[in-house]
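1. Following is a predicted model, sequence given first.
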Amino acid sequence: QVQLVESGGGLVQPGGSLRLSCTASGIIFSFNDMGWYRQAPGKQRELVATISRRGSVNLADSVKGRFTISRDNAKNTVYLQMNTLKPEDTAVYYCKANRPPATTGYWGQGTQVTVSS
């Protein structure tokens, strides 16, 4: 059974930082591309950052220079370091794993990030 478990969300003031973690089980982690997506109330889910199984990184323009994605294959975990957070970053953040060439994959249950003073 595949499980992706996110953690690290919470309430933070504008300008603050959070680090999200997503730990996977039931998959060969190193064979999978990993990604973080987010969905704000009333909006569609959008890509935040992806990291390929080879370590190539892709970041949404809205988070470049503020967010960093990384992975630790030994721990089956992908991270999203979020700095200089803004209120518009408020959303539920989801982790996704997919094994190329497939584009569909597995999703975590999500973790809430709220940026507010």
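-> Nice, thanks for sending it over.
2. So residue 77 versus residue 16, what's the distance?
-> For residue 77, the distance to residue 16 (CB to CB, to the nearest Å) stands at 22 Å. (Each C-beta comes from the backbone N, C-alpha and C, glycine too.)
3. mind listing what residue 45 touches?
-> Going by CB atoms under 8 Å, 6 or more residues apart in numbering, residue 45 touches 37, 38, 39, 94.
4. The second one bridge partners, please.
-> Beta-bridge pairing for residue 38 (DSSP bridges): residue 46, residue 93.
5. Let me know the closest of the contacts of residue 45 to residue 81.
-> residue 38 (14.6 Å; CB to CB).
6. Tell me the confidence at the residue most central in space within the chain?
-> Computing the C-alpha centroid of the chain and ranking residues by CA atoms, centre = their mean puts residue 36 first, at 2.6 Å. pLDDT, residue 36: 98.
7. What of residue 22?
-> If you check residue 22, the pLDDT there is 98.
8. That one - how many residues pack around it?
-> Per other CB atoms under 10 Å, the neighbour tally for residue 22 reads 25.
9. Could you give the bridge partners of it?
-> residue 6, residue 78.
10. returning to what we had before: when residue 77 and residue 16 are compared, which one has more neighbours?
-> Neighbour count, other CB under 10 Å: between residue 77 and residue 16, residue 77 has more, with 18 against 14.
11. what's the distance between that one and residue 7?
-> From residue 77 to residue 7 the distance is 10 Å (CB to CB).
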